[in-house]
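[1] With the sequence up front, the predicted model follows.
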Amino acid sequence: MAMIATSVTGPAPLTARAQFERRAPRALARRAAVRARPAPRAIRVFAAESRGEVTLLDYGAGNVRSVRNAIQALGFTVKSVDDPAGIAAADKLIFPGVGAYGSAMDVLTSRGLVDPIKDYVASGKPFMGVCLGLQLLFDGSEESGGVEGLGIIPGVVGKFRGDGLVVPHIGWNTLDFKRDTGLMADVPAGDRLYFVHSYRATPDVDNEDWVLATCEYGGEFIAAVQKGEVTACQFHPEKSGEKGLSIFRNFLEGNADERGAGAKTKPTAGVDAGLAKRVIACLDVRSNDAGDLVVTKGDSYDVREKDDGGDVRNLGKPVELAGKYFKQGADEVAFLNITGYRDLPLTDAPMLEVLRRSSETVFVPLTVGGGIRDFTDSNGVSYTALEVAAAYFKAGADKVSIGSDAVYVAEQYYANDKKKDGSTSIEQISERYGVQAMVVSIDPRRAYVNDPSETKNRCVKTSRPGPNGEEYVWFQCTVKGGREGRDIGAYELAIAMEDLGCGEILLNCIDEDGQGNGFDHELVGLVSDAVTIPVIASSGAGEPKHFTDVFNATKCSAALAAGIFHRGEVDISEVKDHMKGGKIPTNEFRSVL
Ligand code: 1PR
């Protein structure tokens, strides 16, 4: 792989760009022909008969399954290809991608796909890149130490920078359209789409003819490009709900034509703009005593009924509930396999099946956790955490979450004077799948002291003194679903995890779990001030106001709840209405299909 200096602005590898410019007139003629066709508007989701075929470049990128699911849900057939001949034969090509720039270019190069992609782009046939599939079109990226890209669009992709800026940029953000386009015809002005990335391309004079829409996060960056039949977006249509699927639909139906700078633009200035605070529905999943996989919910992690024989509380079926929360407007759905610490997730076929089926109908990000660690089964066969995570990703997860193993990793990290050697589960998964895919779930419980000198862990002066009037509290990490406390705090764990490559913290609180008294602001404030990765506040939501409160009181990026949603006490749309009323930036669910 050729390396480029990170400050490179030129000279760029112009061949692909020149090829594209030379053949652009053909693309324009083709576009005019497309415009003349009557636009089919009706959509049948899950149509019995195929509405047409699209080629998906499957080079091992992380989001291929999600993109395929989204396209199939629109009634189109997906033809996966991974070789030059497959690309050359395509009439409509989708180029997905998540993960590291360098690894993606390595794969494209080693499989001989670089020139075939450039030739395809230059051919004037419809092309759509997604996320990394947009970034790879540029001259190169700072990521992976500086890597040359496909050289079709001028510019070098760089990392988000900014004092205290939370990176990765995860969540739903508004777009500023520079031109109008049929591609986004069903995305209302000022609406939000789902982004997840640490690197971005920025607009400049050399690429302004490509820029379709920009987005604001620590400065302006390119959210979508379009020129002739070539389009690409930094956000994920496949994870942006029905709004996102409508973008694929317009591309697939040939209604993606640009409509020029003079045409209607979609202003976002002045409206509720910027990155929204996310609302996440969480499903704690385990087998009940009859062996059925159920969604359960505990009080301070105790999930058994107090009477009725003490069976595991059964609050519903995982796939059904995930679908329900998607329709209510959940920004993400999380599945926690709460007995994963003692089971073997690789042999947990029902859990993997839950993921597979959910990813076919739930078009927002799915996180799964539970049991991701190295282990040896009863036959002496060893598995790595990376292999367990790979099985979850393959089944449809967008992110994986690690609980117990993260605590052991952090203990080792401090014991080794914070040295990193790349061997831990956190480092390996984030290296392979990107930091945005690596979540650490912390299960802390309040530990009271009279004076901070009584513990090595970071304390806060608490407004809720301990049982003996103790005025200070630290937040003790636990493992095995809260069964065992360790001598490390949530603050220390979060800092170690950020350094090791974790992209997001899911911050539970055993004391507040299932209590309905609101989130623990002292805990959430402590951790979200300590790191510059997104923090998800979890445990204790009892009413919509609790979400607005935690967003106002702390810097957390998202808030998660379980019990109030499962028991039907609160609909996710009610939470969002309350947030909007409180002027918290909020993503709106729209049914546009
Ligand atoms: O340790 O890597 O195997 O992961 C196990 C995962 O399972 C961890 O993420 C851990 O948080 C979770 N877990 C383990 N035991 C339980 C339990 O409840 N007995 N659930 C458990 C954690 C906490 C939240 C809950 C919120 C919101 N549940 O997920 O959904 O507290 O609840 P609320 O809104 O009803 O208050 P590993």
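    Here it is on my side, so go on.
[2] what does the stretch 251-400 of the chain have sitting close to the ligand?
    For the stretch 251-400 of the chain, the contact set with the ligand under CB under 6 Å from any ligand atom comprises 282, 284, 297-298, 301, 303, 336, 338, 340-341, 369-372. Using the backbone N, CA and C atoms, a C-beta is placed for each residue, glycine as well.
[3] quick one: which of those residues has the most company?
    Highest neighbour count within these: residue 372, with 31 neighbours (other CB atoms under 10 Å).
[4] For that one, list the residues it contacts.
    Neighbouring residues of residue 372 by CB atoms under 8 Å, 6 or more residues apart in numbering: 340, 345, 385, 388-389, 392, 400-402, 405, 425, 429.
[5] And the residues of the stretch 251-400 of the chain next to the ligand, which two are furthest apart?
    297 and 372 (21.7 Å; CB to CB).
[6] who in the protein is up against the ligand?
    Counting by CB under 6 Å from any ligand atom, the chain sits next to the ligand at 282, 284, 297-298, 301, 303, 336, 338, 340-341, 369-372, 401-405, 441, 443, 481-482, 508, 513-514, 538-541, 561-563.
[7] so can I have CSV of the contacts of residue 372 showing pLDDT, secondary structure and distance to residue 352?
    Output for the contacts of residue 372, formatted as CSV (pLDDT from 0 to 100; DSSP: H, G, I helix; E, B strand; the rest coil; distance: CB to CB, whole Å):
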residue, pLDDT, secondary structure, distance to residue 352
340, 84, coil, 12
345, 73, helix, 8
385, 95, helix, 16
388, 92, helix, 11
389, 93, helix, 12
392, 92, helix, 7
400, 96, strand, 13
401, 98, strand, 16
402, 98, strand, 17
405, 97, helix, 19
425, 97, helix, 19
429, 94, helix, 17
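[8] and those residues, which are buried?
    Neighbour counting with 16 or more other CB atoms under 10 Å marks 340, 345, 385, 388-389, 392, 400-402, 405, 425, 429 as buried within the contacts of residue 372.
[9] and which of those is nearest residue 414?
    The closest of these, once distances to residue 414 are taken by CB to CB, is residue 405, at 15.4 Å.
[10] these two touch, right, the closest one and residue 425?
    Yes - counting by CB atoms under 8 Å, residue 425 is a contact partner of residue 405 at 5.3 Å.
[11] which residues do those two both contact?
    372-373, 385.
[12] Could you find the closest non-adjacent residue to residue 237?
    Excluding the flanking residues, the one nearest residue 237 by CB to CB, 6 or more residues apart in numbering is residue 244, at 3.7 Å.
[13] Next up, the contacts around that neighbour.
    Per CB under 8 Å, 6+ apart, neighbours of residue 244: 70, 193-194, 235-238, 363.
[14] Can you pull out the low-pLDDT segments for the stretch 1-150 of the chain?
    Counting by pLDDT under 70, the stretch 1-150 of the chain shows low-confidence ranges at 1-48, 61-62.
[15] can you map out the helices along it?
    Per DSSP state H, counting those that start in this stretch, the stretch 1-150 of the chain carries helices over the ranges 15-36, 64-73, 84-89, 101-110, 114-122, 132-135.
[16] State the next helix or strand along the chain beyond the strand ranked longest in the chain.
    For the chain, the longest strand by residue count, based on DSSP state E, is strand 278-287. Per DSSP states H and E, the first helix or strand lying C-terminal to strand 278-287 is strand 293-296.
[17] helices and strands around that next one, which ones?
    Contacts defined by 3 or more CB pairs under 8 Å, 6 or more residues apart in numbering; DSSP states H and E place strand 293-296 against strand 278-287, helix 318-328, helix 349-361.
[18] quick revisit: okay, who's weakest in the residues of the stretch 251-400 of the chain next to the ligand by pLDDT?
    For those, the minimum pLDDT belongs to residue 341; the value there is 79.
[19] wait, isn't it in contact with residue 407?
    No - at 10.9 Å, residue 341 does not count as touching residue 407 under the criterion of CB under 8 Å.
[20] any shared contact partners between the two?
    residue 479.
[21] which one of the helices and strands packed on strand 293-296 is the most hemmed in?
    strand 278-287 (a mean of 24; mean count of other CB atoms under 10 Å).
[22] mind listing what that strand pairs with, with the direction of each?
    Strand 278-287 pairs in its sheet with strand 293-296 (antiparallel), strand 332-337 (parallel), strand 558-561 (parallel), by DSSP bridges.
[23] Among the ones you listed, which comes closest to residue 469?
    It's strand 558-561; of these, that one is closest to residue 469 (CB to CB) at 30.6 Å.
[24] how about residue 372, secondary structure?
    At residue 372 the chain is in coil, as set by DSSP: H, G, I helix; E, B strand; the rest coil.
[25] ok, it to residue 359 distance?
    Applying CB to CB, to the nearest Å, the value for residue 372 to residue 359 is 18 Å.
[26] Then residue 544?
    28 Å.
[27] just residue 194 next, same as before
    From residue 194 to residue 359 the distance is 14 Å (CB to CB).
[28] The stretch 101-250 of the chain: strands as residue ranges?
    Assigned by DSSP state E, counting those that start in this stretch, the strands in the stretch 101-250 of the chain fall at 127-130, 138-141, 147-148, 153-159, 169-174, 176-177, 192-197, 199-200, 211-216, 220-227, 230-233.
[29] In CSV: these, plus mean neighbour count.
    Formatted as CSV, the strands of the stretch 101-250 of the chain follow (neighbours: other CB atoms under 10 Å):
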stretch, mean neighbour count
strand 127-130, 27
strand 138-141, 27
strand 147-148, 23
strand 153-159, 22
strand 169-174, 24
strand 176-177, 19
strand 192-197, 26
strand 199-200, 23
strand 211-216, 22
strand 220-227, 23
strand 230-233, 27
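[30] For those strands, give me JSON lines that also has distance to residue 549.
    Listed next are these as JSON lines, based on distance: least, CB to CB, whole Å:
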{"stretch": "strand 127-130", "distance to residue 549": "36"}
{"stretch": "strand 138-141", "distance to residue 549": "40"}
{"stretch": "strand 147-148", "distance to residue 549": "44"}
{"stretch": "strand 153-159", "distance to residue 549": "33"}
{"stretch": "strand 169-174", "distance to residue 549": "19"}
{"stretch": "strand 176-177", "distance to residue 549": "31"}
{"stretch": "strand 192-197", "distance to residue 549": "22"}
{"stretch": "strand 199-200", "distance to residue 549": "32"}
{"stretch": "strand 211-216", "distance to residue 549": "26"}
{"stretch": "strand 220-227", "distance to residue 549": "31"}
{"stretch": "strand 230-233", "distance to residue 549": "34"}
